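J.: Fold the following.
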Amino acid sequence: MKINVMVAGATGLVGMTMVRILEERDFPSDHLIPVASDRLKGRSINFKGKKILITTLSRALTLNPGIALFSAGKEVSLLWAPRFAQAGWRVIDNSSCWRISPDVKLIVPEINGHLLDADDRLIANPNCSTIQMVMALAPLHSRYHVKRIVATSYQSVTGSGQKGMTQLFDEREANVSGKTKLVTGNVYPCPIDLNVIPQIGDIMPDGYSAEEIKMREETRKILGDPAIGVSATTTRVPVVGGHCVSVNASFKEPFRMEDVLALLSAFPGLVLNLNGTPGKLGYAVPQEARGTDPVYVGRVRRDTSAENTLDLWTVADNLRKGAALNAVQIAEILLSL
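T.: This next block holds a predicted model:
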């Protein structure tokens, strides 16, 4: 079966990655419909050896419904995703707009893809850092039941789109050339090159940032347990691609380390880096993960300061499994129903 596939935000970093992954995985689409802002109407993108003209959301809405992948921001999703769903499209939204809505499923295919059914018309794609963290915790949660999570993320500038990359590279050029004034732009609240910024998203009245609240609420929803305690600190680092999350997780039941490693090794989509493996570091880094699909898990060790508690390190390409790949995997499940 071949259908129309629309990508809203097709010229952004995530949108371009969606198009690339659709091609890599030979997604069964009769026609790709790339959508971008009105100012880009008439330009084209390459897909399967062909140049395809960029169009608008209003024009795409008149076409035969199929799969709609949204990565054009919360405001666009709020207005247009319901319209496409009502017109018969199956919408997979990468923004934060619908993730916590009780009527919208929040899906990581390896974890809760079984919740999808043929009647679903609007599905939410989780936050990039949440995806890689829950991928590592899901096989352990199924056996030992997560009680509390303390997480710190180290998120690359590609999580802010092209503007984040531009700010980093402008500042890097200024630093290397010895210019006295850094180019700061308006993406981050302070310089990002040679720096670490402990804020992603607005700071809320309780002191947590918007990104930290996403990680808390989305983790509970994906793992299906609203009682899980989650405390996150999200940081932006001067890395071009690939997010890292350091996780400290406490469980309700005791565990053996050999069983933990076996569960992680067997879970689809995970690559376990074992400490002490000859020629290996025992962990992955963003340069290794960039451009690849797995979530890498390493530095797995028992926390000797707390009962039934683990420390681990995760790394993943935030544009692929953290966004575009996860969305395409959801689309593949929908086509199979």
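J.: where along this structure do the strands fall?
T.: 3-8, 29-35, 44-47, 50-53, 67-70, 90-93, 105-106, 122-124, 146-155, 229-236, 243-251, 270-272, 295-302, 309-316 (DSSP state E).
J.: The shortest one - contacts with which helices or strands?
T.: When contacts are defined as 3 or more Cβ pairs under 8 Å, 6 or more residues apart in numbering; DSSP states H and E, strand 105-106 sits against strand 122-124, helix 210-223. In short, each C-beta sits where N, CA and C put it, glycine included.
J.: which one of those lies closest to Ile330?
T.: Closest approach to Ile330 among the helices and strands packed on strand 105-106 is made by strand 122-124 (5.7 Å; Cβ to Cβ).
J.: outside of that closest one, which residues touch it?
T.: With Cβ atoms under 8 Å, 6 or more residues apart in numbering as the test, strand 122-124 has contacts from 81-82, 85, 90-93, 97-99, 101, 104-107, 116, 330, 334.
J.: What is the neighbour count of Glu125?
T.: Not quite, residue 125 is Asn, not Glu. As a burial measure, Asn125 scores 28 neighbours (other Cβ atoms under 10 Å).
J.: Per-residue confidence, it, what does it come out as?
T.: If you check Asn125, the pLDDT there is 98.
J.: circling back: among the contacts of strand 122-124, which ones are buried?
T.: Using 16 or more other Cβ atoms under 10 Å as the burial test, the contacts of strand 122-124 include 81, 85, 90-93, 97-99, 104-107, 116, 330, 334 as buried.
J.: buried set for stretch 147-163?
T.: Using 16+ other Cβ under 10 Å as the test for burial, stretch 147-163 gives 147-161.
J.: Find the one among the helices and strands packed on strand 105-106 with the highest mean neighbour count.
T.: strand 122-124 (a mean of 24; mean count of other Cβ atoms under 10 Å).
J.: what number of residues lie near Lys2?
T.: 11.
J.: right, and it touches Pro28 too?
T.: Yes: applying Cβ atoms under 8 Å, one finds Lys2 in contact with Pro28, separated by 4.7 Å.
J.: so where is the stretch 151-300 of the chain shaky, pLDDT-wise?
T.: 180-185, 276-279 (pLDDT under 70).
J.: what does the stretch 1-150 of the chain give?
T.: 1.
J.: can you map out the helices along it?
T.: For the stretch 1-150 of the chain, the helices defined by DSSP state H, counting those that start in this stretch occupy 13-24, 57-60, 74-86, 109-112, 128-144.
J.: buried sites along the last one?
T.: By that I understand helix 128-144. Neighbour-count burial for helix 128-144, counted by 16+ other Cβ under 10 Å, picks out 128-141, 144.
J.: Packing partners of that helix?
T.: Contacts defined by 3+ Cβ pairs under 8 Å, 6+ apart place helix 128-144 against helix 109-112, strand 146-155, helix 210-223, strand 243-251, helix 257-266, strand 270-272, strand 295-302, strand 309-316.
J.: Could you export that helix as CSV, CA atoms only?
T.: Output of helix 128-144 as CSV, limited to C-alpha atoms (Å, rounded to 0.1, in the frame of the first residue of the first chain):
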residue,chain,number,x,y,z
CYS,A,128,14.2,14.3,22.2
SER,A,129,15.9,13.8,25.6
THR,A,130,12.8,12.0,27.0
ILE,A,131,13.0,9.4,24.2
GLN,A,132,16.5,8.4,24.8
MET,A,133,16.1,8.2,28.6
VAL,A,134,12.9,6.1,28.6
MET,A,135,14.4,3.8,26.0
ALA,A,136,17.1,2.9,28.5
LEU,A,137,14.7,2.7,31.4
ALA,A,138,11.7,0.9,29.8
PRO,A,139,13.2,-2.7,29.9
LEU,A,140,14.2,-2.1,33.6
HIS,A,141,10.9,-0.6,34.5
SER,A,142,9.1,-3.6,33.2
ARG,A,143,11.0,-5.9,35.6
TYR,A,144,11.9,-3.7,38.6
